[in-house]
Structures are given as C-alpha cells and as structure tokens.
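Enquirer: Any chance you could fold what I've pasted below:
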Amino acid sequence: MTRFSRIATIAVLMLCHVNCCAAFTAGAFGSRQSQSFTRMNVLSEDLRQTTGTPTQPSEAETDDWWKTFELNDAALPQEVRSQFPILSRVLGDDTDPKPLIYLDSAATSQKPNFVIDALTSYYTSTNSNVHRGAHKLSRDATSQYEAARTTVAKLVNAKREEIVFTSGATEAINLVAYSWGRQNLKEGDEVITTVCEHHSNIVPWQMVCKERGAKLRYMGIVSGEATGDVLDVDALEGLLSPRTKLVTFQHVSNVLGATHPLQAMVATIRSYNPNIKILIDACQSVPHMPVDVQTLNIDFLAAS
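Expert: The predicted structure is shown next:
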C-alpha cells in the first residue's frame, strides 16, 4: 500500500455523528485542506511539532523567513508526485516546457492512482444502485459502500452506525445546522463560534440563528510575540452562558495555521454545561494527524 492508501480509501466519502457525528468528502486530500500559515517563526508549539521547526532568522532575514524554514517530510511531494498522473502533464511549448505545479487543492484536489484505480474498477465492474436493487451488481455496490463506512469508522475510532456520508464538509455542517439547529434552537438561545472559521462554519449558523431568533457569538483572536495570531481560548469561558446551546470551531485553523487546544476547550464547555452540543470542523486535522472521536467527547465532527 502506498503512503496515500489510508487517505485514498476514503477519497469519495464524508462522515457526520457519534457521541460524535462526523462527515467525510471527496478527494484524496479532500476539499478545504490547505493550511495557510502565518509567519512560521511565530506558530503555536503544537503546529511546530507537526510541521517542522523554523530556524531563527537573523535581523536581516526577518522578511525572508521562508528561505530558512524547513518542513518535516519536505521530500514527500517529490516522492509521491509520480502517483498523480495529472502532474506528469507538461505545460508550455517544446521550446519552453514547464512541469505542472498545482496549488489549488483547497478548491479541487487532484487524485493519485490509488483513487483513480478504485473509481475505474467500480465503474467498469460494479457500478449500480446502492441500497436500491436486489440484483448482483447492486448487492456488490452496496457491500463496497458499507465496507467504506467501516473503513472510515476505524479511521476516527467511531461506530459504523455513527458515520453519515455527505457530499462535503460544507454539506455536513449545513446538515447539523438545518436539522439539529432548526429543531433545537429557539429565540434567545446562543451559538458560539470563532472569527477564524471557514465561512462554511459561519454562514449556516448566521442564517439559522436569524431564522430561529438565536444569537451567534464569536471567540476572537489574540496576538503574542511568541505565538503570533492565535484563538483567544481564554475568552471561551466568559462567552458561555445558560443560553448557550452549541459551540463550534476548527480543530486546526486554515486561517491561522494553528492547532487549537481542542481537549482543553471541550473540557471547559463540558464543565460549564455537559448538555451543550459541540461541533468540530476537522477538515485540517483528520487527514494529517490521528483523531479519535471516542476520546474527544464531542457531538458532531465534519472532516474531509
């Protein structure tokens, strides 16, 4: 199995509900998985441990920190490039050929051979209705579909009946907002999120809160010389109130490039009121680090 095998296995999936609900989407890396890093020499300690340790730039190099920064596994892109057929395409003409360099994976991810082969095999040998037929092809397609549910459940240590496939993380979050939110939010209730969320974890809550007469509150960010811009976790306790019904935030921020202290934040919420629902946007974490929903003590998780 290649280094992409685990990710590619869930390449066309999305999960949503266990003590945690979860949601997995299409793409070997999925959509919305780019991490936009702030200055690398001021990243949080957690992210430094997972991405690499920047060397301290001299005063003259302050604006060129990227020249000395090295990522862990920096050689990985070249090692796996050949697994992505589209990256063998050469642009330009014969006099000035240029290899394709693709930087838009956050919008549409390219697929490695492992995913392409799986899709080709399905469409050439199994393609049929899932859960909608009694004939051989339909039974085979259904078996593969349900086997994928088991694979995803094992990936995040969930129960297979807690996995819900959606088209993407955006739909997964909207599913929670427009099902749980519409059924449970009422006038005067509050939902807490952060100012550094992807818009797909802000807009649905803005709309549902407006519709239900609830209030959307935000955790801000703080700047520190040693940490850079990070989520103002200390403000969470002050935002919680008897009216709080749900708290939602990213595990790893694609805006700040920082790993939020998820377990500490969950502990703060649970100690205040164990009945508050917690939705985690794990698009940036599940593909890059171990995530165990059984130990997180959350209600919903959306991931690509």
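Enquirer: Could you tell me the end-to-end distance of stretch 78-98?
Expert: The first and last residues of stretch 78-98 sit 16 Å apart, counting by CA to CA, to the nearest Å.
Enquirer: average pLDDT across that stretch?
Expert: The average pLDDT within stretch 78-98 is 93.
Enquirer: Roughly how far does the residue nearest to His260 when sequence neighbours are not counted sit from Leu256?
Expert: Nearest non-adjacent residue to His260, counting by CB to CB, 6 or more residues apart in numbering: Leu231, 5.4 Å away. Quick note: C-beta positions are derived from backbone N, CA and C, even for glycine. Distance, Leu231 to Leu256, by CB to CB, to the nearest Å: 7 Å.
Enquirer: Regarding Glu171, which helix or strand does it belong to?
Expert: Glu171 is part of helix 169-175 when elements are defined by DSSP states H and E.
Enquirer: how about that helix as CSV, C-alpha atoms only?
Expert: Presented in CSV, the C-alpha positions along helix 169-175 are these (Å, rounded to 0.1, in the frame of the first residue of the first chain):
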residue,chain,number,x,y,z
ALA,A,169,-17.8,19.2,4.9
THR,A,170,-19.9,22.2,3.9
GLU,A,171,-23.0,20.0,3.5
ALA,A,172,-22.1,18.1,6.7
ILE,A,173,-22.1,21.4,8.7
ASN,A,174,-25.3,22.6,7.0
LEU,A,175,-26.9,19.2,7.8
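Enquirer: If you count contacts, what does it end up packed against?
Expert: strand 277-281, strand 300-302 (3 or more CB pairs under 8 Å, 6 or more residues apart in numbering; DSSP states H and E).
Enquirer: Need the overlap of contacts for Leu231 and Leu256.
Expert: Listed as contacting both Leu231 and Leu256 by CB atoms under 8 Å, 6 or more residues apart in numbering are 196, 221.
Enquirer: End to end on stretch 97-117, go ahead and measure it.
Expert: Span of stretch 97-117 from end to end, CA to CA: 28 Å.
Enquirer: no wait, stretch 90-108
Expert: In terms of CA to CA, the two terminal residues of stretch 90-108 are separated by 19 Å.
Enquirer: List the buried residues in that stretch.
Expert: 105-106 (16 or more other CB atoms under 10 Å).
Enquirer: Now find how far off-centre that stretch is within its chain.
Expert: A distance of 26 Å separates the centroid of the chain from that of stretch 90-108, by CA atoms, centre = their mean, to the nearest Å.
Enquirer: for stretch 94-111, same thing?
Expert: Chain-centre distance of stretch 94-111: 23 Å, with CA atoms, centre = their mean.
Enquirer: before we move on, what about stretch 87-94?
Expert: With CA atoms, centre = their mean as the basis, stretch 87-94 stands 32 Å off its chain's centre.
Enquirer: try stretch 110-124
Expert: Its chain's average C-alpha position is 22 Å from that of stretch 110-124, according to CA atoms, centre = their mean.
Enquirer: list the buried ones in that stretch?
Expert: In terms of neighbour count (16+ other CB under 10 Å), stretch 110-124 has its buried residues at 110-116, 118, 122.
Enquirer: can you list those residues in a markdown table and add pLDDT?
Expert: Below are these laid out as a markdown table (pLDDT from 0 to 100):
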| residue | pLDDT |
| --- | --- |
| Gln110 | 93 |
| Lys111 | 95 |
| Pro112 | 96 |
| Asn113 | 97 |
| Phe114 | 93 |
| Val115 | 94 |
| Ile116 | 96 |
| Ala118 | 94 |
| Tyr122 | 95 |
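Enquirer: Closest to Asn129 out of those residues?
Expert: Nearest to Asn129 out of those is Tyr122 (CB to CB; 13.0 Å).
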